[in-house]
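Engineer: This is a predicted model, with the sequence first.
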Amino acid sequence: SGKQEAGVTTIVFRRKLKTGDSKDFEIASGDMNVIFAKGDADGSFGFFSKHSLTSTASINFFTGSSTVLSDFWSPGTVLVIIVAVLLFLYSVLRLVYLLISSHGKKITNDSNLGLVASGESGTNEIEFRDQPQTFYKGSQKVEDENSTRTFPTKTYRQKSHGNGFSNRIYGAFHLRFPYTEIALIHILVMILYIGINVACLFVETDRPKSFGTLIAANAFLATIPATRNSILVVMTGLPFDKTIMFHRWVGRLVVAIASVHVLYTWATWIKQGTFKTQMVEKVNIYGLVAWIILLFMLASTYPWIRRNRFEVFYYTHFIFIAFFALGCFHNIKFIPFAISACVIYGLDRIFRLIWGLWPKKTVLLRIKDSKNSIVQVRFEKGALGKKLGLYKPGQYVFVNFPTFSFLEWHPFSLCSGPDEITGEVNIKSLGNFTKALLEKAKNKDKMWIRVDGPYGNLNLNVNRFPVHLLVAGGIGFTPVLSILKHVYRTGNLSKEDQKPLRHCLELVHVIWTIQSQDQNSWFQEEFEEIRRAATNPNLPKLQLDIYVTRANGEVEPGFIKGRPKFPQVFDKLASEYPGKAKSVFVCGPAVMVQDIWDISMKKSRQGHNFHFHNETFEF
C-alpha cells in the first residue's frame, strides 16, 4: 500500500519472510538492497523499462530503517573513475621519471662516460676516445686514423645503458606477439582493462543494466584515443598511431559487451514470456538500432576495406553520432557519457581546424626522379606549431589537396627536420590519389594544400643516445631522413639553426634497402648534403649502407648487393659499443619491421640495451 502527504510518497511493503517460491529472495535480518521504480503517468506498468525513474534503497525489514543509495556508482561510472585514476598515477610516475632522468643532463667532463676534456684551457668541449673516425667523400667511406670528434660546447649526459636485469625485463615486456606488430605489454594492459570491466559488473545486481552502463562508459573511453590531439598522448607519451590501437580494441569491446547485453536481455524476456511485447517498445527499438550500428561500424573496419576503400571506412565511422543519440534515448544514464565523448571529440575537431583549415600554396611541388614515381611537396609550417615547439624528428602530418577533394586527408611522414623553416613530404605514386597528384605535379609548380599536424612522438630524446640504428625500406626512408636532418643540421635552416645541437651521439648507422639503384635518386641530393655535414668533427660518425635487393648484375661502388644480415649488425653494435644505450628505428615492410623488432628484443633479453621504435600508418 502507499500514500502521499505533503509531497512525500510513502510505500508500505508487506511480505512473508519465506514465501516458499524459489523465485523469491528470503528476507533475512540485516540490510538488503531493493530496486524500485516509478512512472510519471497514473496506472500500473508491467515492464521495468517503462518507468521514468529507477533507484536502489538499502532496507532493513526488521528495524524499518531505509536509505536510498546513490545512482552515481554505476558500473560505467566506476570504470571511468578507475581508468582515470590509473592514468593519472602513471602520468605522475612518468613525469617524476622524466624529471629525474633529465637532472644533470648538461655535462662538460665525465671520465665515467669514456670522454676526456679537449681543446685549449677553459674550453668545455669533449672528445671521443675511440678511433679511427669515419668520414665520407662523395659516396666513398674514408677512415682517418688521426682524427678526433668533439661534442658541442654544451652537451647531454648519455642515456643510461641500464643493467642486465632491467634490459631483460624491457625485452620480455616489449616482446612482439606472434603474427602481429603488437607488444606483449600492450596486450597485458588490455587484459587488465577487460578484468576491470568484469569487476565493475558486480557494482549492480541487475546484470542487463550493468552491461548497459559499461557500454556507455567504454564508448566514451574509446573516443579519447581516437582523437588526434588526445590527452592520452600527453599523459602516456604514446603517439597517435599507437593510441589508435587501443581505440580499436576498446571499440571491439564495446561491440562485444553490447552483444552480450542484447542477448542476455532477450533471454530474460523469453524466460518471462514477454519477448514479443518488449521488442516493440520504442525504448528497446532505440537500443536495438544502436546495436546494429555498432555491428555495421565493426564490419567497416575490416583490413581490406580500411586499405582499399578508406573513404567507406572513414565516413562510416561518423554514424557513431547516431549511436550515441540512440543510446541516450534508450537509457538516460547514457547521456553524461555521450555528452563527455562529444565534448572531447568536438575540441579535437576545433584543434584540427586550427591546424589545417586554411589552404596555402606549396613552396615547392616537383617530380623528383626520372621514372616519375616520387613527388616532392614543400610547404610553410604552421606558425603556431613552430611557436609552441611541436615539431620533432620522425613525425607525420595529414595532408589535403583541395584541388582533388576538400574532405580527403592522407597521412605522410615528414622528411624535413623539426627546425627547418618549411615542412616537406615525399609521396610515392601508389594508389589513385597519389597517381593523380603525380599528374598534377607534371604541369604545376605549386598547388593549394592544407596540413593537419604534426603528429607522432618517438618518445625519446634523439640527442641522448650514443648509438642510433636507423633502418628503412623503400619510401619508408622519409622519417629516417627527418632524423638525419635533425642530427646533422641540414635542410632549409636559418643560419642560427645550422649550428650543431648539444648531444652525446657517437654513431648513426643507417641501413636503407631499395629494389634498384636508380631509387637512390629519390634522396641523392639530401645524401650529399648530409655526408658533407658528417665531416664536421662536432657531429657523430655516419655509416650509410644502401642495399640493392633486386640488382641485375653487379652494383656500383657505394651500394651493397643483396639484403642486410641484421643479426650480424646487432652483434657488431653490441660488441663495439658495450655499455652504451642504443636506439633502433625502423620504417618499412612488415616483414622487415618484425625481424628487427624480434632481434632487438632478443638482444635486450640477453642484457643489452636496444630501445626499439617503429612507424606505422595502420590507422
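Structural biologist: Great, that's in hand.

Engineer: Quick check: the residue sitting nearest the centre point of the chain vs residue 236, distance?
Structural biologist: For the chain, residue 242 is the residue whose C-alpha lies nearest the centre (Cα atoms, centre = their mean; 2.2 Å). Separation of residue 242 from residue 236 (Cβ to Cβ, to the nearest Å) stands at 9 Å. C-beta coordinates here come from the backbone N, C-alpha and C atoms, glycine included.

Engineer: Same check on residue 478?
Structural biologist: 25 Å.

Engineer: neighbour count winner among the two?
Structural biologist: A count of neighbours by other Cβ atoms under 10 Å puts residue 478 above the other of residue 478 and residue 236, at 26 against 19.

Engineer: per-residue pLDDT, that one?
Structural biologist: For residue 478, the model assigns a pLDDT of 91.

Engineer: helices or strands up against the helix or strand where it lies?
Structural biologist: If you go by DSSP states H and E, residue 478 is part of helix 477-488. Contacting helix 477-488 under the criterion 3 or more Cβ pairs under 8 Å, 6 or more residues apart in numbering; DSSP states H and E are the following elements: strand 410-413, strand 467-473, strand 507-514, helix 524-533, strand 582-587.

Engineer: what helices or strands is the last one leaning on?
Structural biologist: Contact here means 3+ Cβ pairs under 8 Å, 6+ apart; on that basis strand 582-587 packs against strand 467-473, helix 477-488, helix 590-605, strand 610-614.

Engineer: try 10 Å
Structural biologist: strand 467-473, helix 477-488, strand 507-514, helix 566-576, helix 590-605, strand 610-614 (3 or more Cβ pairs under 10 Å, 6 or more residues apart in numbering; DSSP states H and E).

Engineer: roughly how far out does the fifth one sit from the chain middle?
Structural biologist: Think helix 590-605. 20 Å (Cα atoms, centre = their mean, to the nearest Å).

Engineer: and if you look at the first one?
Structural biologist: If you compare the mean C-alpha spot of strand 467-473 with that of the full chain, they lie 21 Å apart, counting by Cα atoms, centre = their mean.

Engineer: what residue ranges in the stretch 151-300 of the chain score low on pLDDT?
Structural biologist: Within the stretch 151-300 of the chain, the stretches with pLDDT under 70 are 151-156, 205-209.

Engineer: same thing but at 90, please
Structural biologist: 151-167, 170-171, 178-182, 201-213, 225-245, 264-265, 267-284, 300 (pLDDT under 90).

Engineer: In it, mark out all the strands, start to finish.
Structural biologist: 155-156 (DSSP state E, counting those that start in this stretch).

Engineer: ranges for the helices of it?
Structural biologist: For the stretch 151-300 of the chain, the helices defined by DSSP state H, counting those that start in this stretch occupy 164-173, 184-200, 207-226, 231-236, 240-272, 275-279, 282-300.

Engineer: could the ones you listed go into JSON lines alongside distance to residue 440?
Structural biologist: Output for these, formatted as JSON lines (distance: least, Cβ to Cβ, whole Å):
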{"stretch": "helix 164-173", "distance to residue 440": "47"}
{"stretch": "helix 184-200", "distance to residue 440": "40"}
{"stretch": "helix 207-226", "distance to residue 440": "32"}
{"stretch": "helix 231-236", "distance to residue 440": "33"}
{"stretch": "helix 240-272", "distance to residue 440": "28"}
{"stretch": "helix 275-279", "distance to residue 440": "55"}
{"stretch": "helix 282-300", "distance to residue 440": "30"}
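
Engineer: Just name the most buried of those.
Structural biologist: Among the helices of the stretch 151-300 of the chain, helix 207-226 has the highest mean neighbour count (mean count of other Cβ atoms under 10 Å), at a mean of 24.

Engineer: Off-centre distance for it?
Structural biologist: That offset, for helix 207-226, works out to 21 Å (Cα atoms, centre = their mean).

Engineer: Now do it against helix 240-272, angle only.
Structural biologist: 170 degrees (axes from the mean of the first three to the mean of the last three Cα atoms, to 10 degrees).

Engineer: Return the list of helices and strands in contact with helix 207-226.
Structural biologist: Contacts defined by 3+ Cβ pairs under 10 Å, 6+ apart place helix 207-226 against helix 75-102, helix 184-200, helix 231-236, helix 240-272, helix 282-300, helix 320-330, helix 335-356.

Engineer: run the last query once more with 6 Å
Structural biologist: If you count contacts as 3 or more Cβ pairs under 6 Å, 6 or more residues apart in numbering; DSSP states H and E, helix 207-226 packs onto helix 75-102, helix 240-272, helix 335-356.

Engineer: Need those helices in JSON lines (columns: distance to residue 229).
Structural biologist: Formatted as JSON lines, the helices and strands packed on helix 207-226 follow (distance: least, Cβ to Cβ, whole Å):
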{"stretch": "helix 75-102", "distance to residue 229": "16"}
{"stretch": "helix 240-272", "distance to residue 229": "8"}
{"stretch": "helix 335-356", "distance to residue 229": "5"}
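
Engineer: mind checking which of these is nearest residue 466?
Structural biologist: Closest to residue 466 of the helices and strands packed on helix 207-226 is helix 75-102 (Cβ to Cβ; 15.2 Å).

Engineer: Against which helices or strands is that closest one packed?
Structural biologist: Helices and strands touching helix 75-102, by 3+ Cβ pairs under 6 Å, 6+ apart, are helix 184-200, helix 207-226.

Engineer: low-scoring pLDDT stretches of the stretch 1-150 of the chain, where are they?
Structural biologist: Applying pLDDT under 90 to the stretch 1-150 of the chain picks out residues 1-75, 91, 93-150.

Engineer: change it to 50
Structural biologist: 44-50, 104-141, 145-146 (pLDDT under 50).

Engineer: still on that earlier bit, just the residues contacting the helix holding residue 478, thanks.
Structural biologist: For helix 477-488, contacts defined as Cβ atoms under 6 Å, 6 or more residues apart in numbering pick out 393-394, 413-415, 417-418, 426, 470, 472, 491, 512, 526, 530, 533-534, 539, 587, 615.

Engineer: Pull it out as PDB, backbone CA atoms only.
Structural biologist: Output of helix 477-488 as PDB, limited to C-alpha atoms (Å, rounded to 0.1, in the frame of the first residue of the first chain):
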ATOM      1  CA  PHE A 477      63.200   6.300 -45.600                       C
ATOM      2  CA  THR A 478      61.300   9.600 -45.200                       C
ATOM      3  CA  PRO A 479      61.100   9.600 -41.400                       C
ATOM      4  CA  VAL A 480      64.700   8.500 -41.200                       C
ATOM      5  CA  LEU A 481      65.600  11.400 -43.300                       C
ATOM      6  CA  SER A 482      63.900  13.700 -40.800                       C
ATOM      7  CA  ILE A 483      66.000  12.300 -38.000                       C
ATOM      8  CA  LEU A 484      69.200  12.600 -40.100                       C
ATOM      9  CA  LYS A 485      68.500  16.300 -41.000                       C
ATOM     10  CA  HIS A 486      67.900  17.000 -37.300                       C
ATOM     11  CA  VAL A 487      71.200  15.400 -36.200                       C
ATOM     12  CA  TYR A 488      73.400  16.800 -38.900                       C
END
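
Engineer: just how off-centre is that helix within its chain?
Structural biologist: Distance, centroid of helix 477-488 to centroid of chain: 21 Å (Cα atoms, centre = their mean).

Engineer: thinking again about what came up before, what's the closest of the helices and strands packed on helix 75-102 to residue 566?
Structural biologist: The closest of those to residue 566 is helix 184-200. By Cβ to Cβ, the value is 20.9 Å.

Engineer: coming back round to it: how much space separates the residue nearest to the centre of the chain from residue 458?
Structural biologist: With distances taken as Cβ to Cβ, residue 242 is found 11 Å from residue 458.

Engineer: ditto for residue 378
Structural biologist: 23 Å.
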